[in-house]
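[1] Sequence and predicted structure are below.
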There are 2 protein chains.
Amino acid sequence: MTPDEFRRWGHEAVEWVARYMEGVEQRPVLSTVDPGWVQAQLPAGPPEDPEPWEAIFADLDRIVMPGITHWQHPSFFGYFQANASGPAMIGDLVSAGLGVQGMLWSTSPACTEVEIVMLDWLVDLCGLPDRFRSSGAGGGVIQDGASGATLCALLAARHVATSSGAALGDLVAYASSEAHSSIEKAVRVAGLQAGQLRLVPTDDGHRIDPVALAALMHEDRAAGRRPFLVTATVGTTSSHAIDPVRAIGEVTRRHGVWLHVDGAHAGAAAVVPELRFVNDGLELADSYCFDPHKWLFTNLECDAFFVADRRPLVEALSVLPEFLRNAATESGLVVDFRDWHLPLGRRFRALKLWFVLRHYGAAGLRHHVAAHVRWAHELADRLDADPRFELAAPVPLNLVCFRHVDGDEAGARLLDAVNASGRAFLTHTRLDGRYVLRVSVGQTSVERRHVLALHDLLDELA
Amino acid sequence: MTPDEFRRWGHEAVEWVARYMEGVEQRPVLSTVDPGWVQAQLPAGPPEDPEPWEAIFADLDRIVMPGITHWQHPSFFGYFQANASGPAMIGDLVSAGLGVQGMLWSTSPACTEVEIVMLDWLVDLCGLPDRFRSSGAGGGVIQDGASGATLCALLAARHVATSSGAALGDLVAYASSEAHSSIEKAVRVAGLQAGQLRLVPTDDGHRIDPVALAALMHEDRAAGRRPFLVTATVGTTSSHAIDPVRAIGEVTRRHGVWLHVDGAHAGAAAVVPELRFVNDGLELADSYCFDPHKWLFTNLECDAFFVADRRPLVEALSVLPEFLRNAATESGLVVDFRDWHLPLGRRFRALKLWFVLRHYGAAGLRHHVAAHVRWAHELADRLDADPRFELAAPVPLNLVCFRHVDGDEAGARLLDAVNASGRAFLTHTRLDGRYVLRVSVGQTSVERRHVLALHDLLDELA
């Protein structure tokens, strides 16, 4: 494709996306295609000859769009958001155009250095502990997601434990039963057995009980096992419970155990100084992550992963074949991010974060995140005042969990009705064994009116 | 950012990328900034207030560009390419605009179904075995890279072996000493010890010796260990050696061992029917991957990973918490790709592959890939005829490996001189202990004249 052809169809794509942004609110949020419908519209094999772009864009509208659940719809309240934004899209486009592969510092120094600086900027922006800055022993890196970050934390912790003589089969990791499924997945990937992950009892608020954690650790030590990792969650997926990181950190410090804090969604709240209770105790963590691709307007994939000491991480993940040797690496003056995560290849993801942070500024990010939290509280107050509903968990931030007082079936029917309406999209979970509807308020273009409209819809359908 | 602001700056970004495409050939390929230069140009912290886009684009030129090694320069002959293209960039832009997260079929059916069909199209396009089609027990998925694919193959193979009673500590994996470092990394991640990866002796052509492989397996079995995985490479990174997959497959079949074939770079050659020797024996493989993001004009990240049986892969990787339960998944009628790889979140990567396959057509892809191979052979012939050089390995495809006859130091000096010239970029490796220069001919915009110019440069600097 010549540069001029790229101009022609690149501009067309920008218009297509701009029209999508303008019109997304008029679309039903949830796709209603049947399994196999999209597949059935596509030819069985690739075309022999080039096809015109008019046909490609027409098929995008005809075949793809009916099969899209609109994560960028302002009334998408499901899961946690993946809140995209214009500046991040532009950053992604420039990254695609440059097409650099930043596995080593030397394969494009800017790809590594902009990333180092952006992660340092996030330390400032969110008021994170200084130990996560690149200027000391620690530093940050962009991972594809919190699952990758969790796995890397586990691998670094495993390295620390096995380097000091522990056997793989004796290691024990800890997390609450409310912790994300990515922890179980990471444990399994790393070759540990299911029994090597202990689910720590939680209190009434679905938070890890640090006393129970300490007791479990003592029990494991007494039995000759080796506690090596605790994953605490700031903002669990089910209910936004915030584990008592400080108290947990005191336990992990005492036991010489790695503490990873997973703030995948809630961590972004720290851009608002009044919400920095999400950072409490983080200075006791060995690693931490949150996802700008969830609640900080930065398109997938962009997880910010920080370590207090980069050495064990790099030792756990570095393999240096001849074909990657280079003078810069051997000088010891540079960072090679391929040693900070699982993939070797890496695109220039820091560009979109740079563009987002500059386009919004710290003030703009605070403004949006604070508004989401305010509207979530407003919705929670209304639901709480309605005798048909009851809140299922406290609302520390922007996730509202509630039940239908008529029970699980009534709740499930309500969820289905909301989603079938096309006017909003919610997802569910279970807390204390009971069916719970979740409302996550964090889409890029959500406004107060969308939250109020959701309330009207719940009122109408309940 | 409003849709109109996105229009304004999105169009500006398209122009920026188009100008970059037009001018990249005039830039020195290799960045010459010193470590820390880019970092020093950036403010220490994020801006408090929004910044104008004029400033952002100006800084892109002033700060980022000097720190870019131009992977999209037609004279980038290093590593293996990451050959970007206009249609892939447009696909990436549309994907960013839609901003869907396709972890489950239900979270955007089109994201999953277009991917299923695109991977089936690749089976046709490359003449891969039918067992990798989604219509049978197998199927394909997009992974972030061959490292991820290798790890997933290992985890599926590990699951098969441990499900039948093998202990983790008894497992043994096999690959040649020329295999990619990602295998060692995957073995380590999965909790195996270094000794559980056997490096199989290679023949004169740096290919696995299947007789030696069988002997090692017998020895391991006799010692009570459990062979569980062989990774064969089609096109090693150092020399493009092609392991004898058919003969290896006969060994793995006999021993009931998983065979993964890593065709990360060379696999794309199969778009040209005359080059389908790269597929020989693939019908004996349990899994296979190649990277459209290397040599098939599809921007990072896009690895095509195929399994003959998806069941062990999904069993190895699936964890289903309540908050991801949904009717479609429970119907059993759909595929949830989050269970096919490590990450949970996933962007709509199949769009760019769809756009590439339609923009080029099978004929266009064949044309470009065949030309790269032809020009590589032409370069190899010229170097072979020059008494100052000797070829260090056969040239089955588009990678030319050669030595300076004056020895390792002369070779290293030549490489440095080429790269310092800014007119081309090469990387090196070692084969049989000796320093080797590598020329990979596969950049999207490379033409015969660039390959001839590289020859002139080598002639001038040798």
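    Sure, I can see it.
[2] How are the strands of the stretch 101-250 of chain A distributed by residue range?
    Taking DSSP state E, counting those that start in this stretch, the strands of the stretch 101-250 of chain A run over residues A:139-143, A:171-176, A:197-200, A:226-233.
[3] So what touches the first one?
    When contacts are taken as CB atoms under 8 Å, 6 or more residues apart in numbering or on different chains, the neighbours of strand A:139-143 outside the stretch itself are A:115-116, A:118-120, A:122-123, A:132-134, A:149, A:152, A:289, A:301-307, A:310, A:335, A:337, A:340-341, A:349-350, A:353. The way it works is simple: take the backbone N, C-alpha and C, and place the C-beta from them, glycine included.
[4] Mind checking the strands of the stretch 101-250 of chain A for the one nearest to A:Glu322?
    strand A:139-143 (24.5 Å; CB to CB).
[5] So for the closest one, mean pLDDT?
    Per-residue pLDDT over strand A:139-143 has a mean of 98.
[6] Over to stretch A:320-340?
    Here the average pLDDT along stretch A:320-340 is 91.
[7] next one: stretch A:28-47
    97.
[8] near chain B at all, it?
    Yes: contact of stretch A:28-47 with chain B is found when judged by CB under 8 Å from any CB of the partner chain, involving A:31, A:33, A:35-39, A:42, A:44-47.
[9] can you tell me which of these lies nearest to B:Phe323?
    Lowest distance from B:Phe323 to the residues of stretch A:28-47 next to chain B (CB to CB) belongs to A:Ser31, with 19.2 Å.
[10] Residues of the stretch 301-450 of chain A that sit close to chain B?
    Checking the stretch 301-450 of chain A against chain B by CB under 8 Å from any CB, the hits are A:301, A:316-317, A:319-325, A:328, A:331, A:333-334, A:342-347, A:351, A:354-355, A:357-364, A:427-430, A:438.
[11] How about the residues of the stretch 101-250 of chain A by chain B?
    So far as CB under 8 Å from any CB goes, the stretch 101-250 of chain A lies against chain B at A:101, A:105-111, A:113-114, A:116-117, A:120-122, A:124-125, A:144-148, A:151, A:155, A:158, A:168-169, A:180-182, A:184-185, A:188-192, A:237-238.
[12] shaky segments in the stretch 251-400 of chain A?
    The stretch 251-400 of chain A contains no residues with pLDDT under 70.
[13] ok, A:Cys152 - contacts?
    Going by CB under 8 Å, 6+ apart, A:Cys152 touches A:143, A:287, A:305, A:313, A:316-317, A:340-342.
[14] Show me the helices in the stretch 101-250 of chain A, by range?
    Assigned by DSSP state H, counting those that start in this stretch, the helices in the stretch 101-250 of chain A fall at A:109-126, A:146-163, A:181-189, A:210-222, A:245-255.
[15] can you redo those as JSON lines with distance to A:Ala88?
    JSON lines is the format used below for the helices of the stretch 101-250 of chain A (distance: least, CB to CB, whole Å):
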{"stretch": "helix A:109-126", "distance to A:Ala88": "12"}
{"stretch": "helix A:146-163", "distance to A:Ala88": "18"}
{"stretch": "helix A:181-189", "distance to A:Ala88": "23"}
{"stretch": "helix A:210-222", "distance to A:Ala88": "37"}
{"stretch": "helix A:245-255", "distance to A:Ala88": "29"}
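[16] Of those, give the one that comes closest to B:Glu378.
    helix A:109-126 (32.7 Å).
[17] Which residues are in contact with the residue lying closest to A:Leu171 once chain neighbours are set aside?
    Once flanking residues are discounted, A:Leu171 sits nearest to A:Phe228: 4.7 Å by CB to CB, 6 or more residues apart in numbering or on different chains. Taking CB under 8 Å, 6+ apart, we find A:Phe228 in contact with A:157-158, A:160-161, A:166, A:171-173, A:257-258.
[18] ok, those vs chain B, which is closest?
    Checking those against chain B by CB to the nearest CB gives A:Arg158 as the nearest, at 7.7 Å.
[19] Just give me the neighbour total for A:Ala190.
    Residues within reach of A:Ala190, counting by other CB atoms under 10 Å in any protein chain shown, total 21.
[20] do the same with A:Ala222
    Residues near A:Ala222, counting by other CB under 10 Å: 8.
[21] what's the answer for A:Glu283, then?
    Using other CB under 10 Å, A:Glu283 has 15 neighbouring residues.
[22] For the spatially closest residue to it that is not a sequence neighbour, which residues are in contact?
    Leaving aside its sequence neighbours, A:Glu283 sits nearest to A:Pro129 (CB to CB, 6+ apart; 4.1 Å). Counting by CB under 8 Å, 6+ apart, A:Pro129 touches A:123, A:279, A:282-283, A:285, A:308.
[23] Neighbour count says what about the residues you listed? Which are buried?
    With burial judged by 16 or more other CB atoms under 10 Å in any protein chain shown, the buried subset of the contacts of A:Pro129 is A:123, A:279, A:282, A:285, A:308.
[24] Of these, which belong to helices?
    Among these, the ones falling in helices (DSSP state H) are A:Val123.
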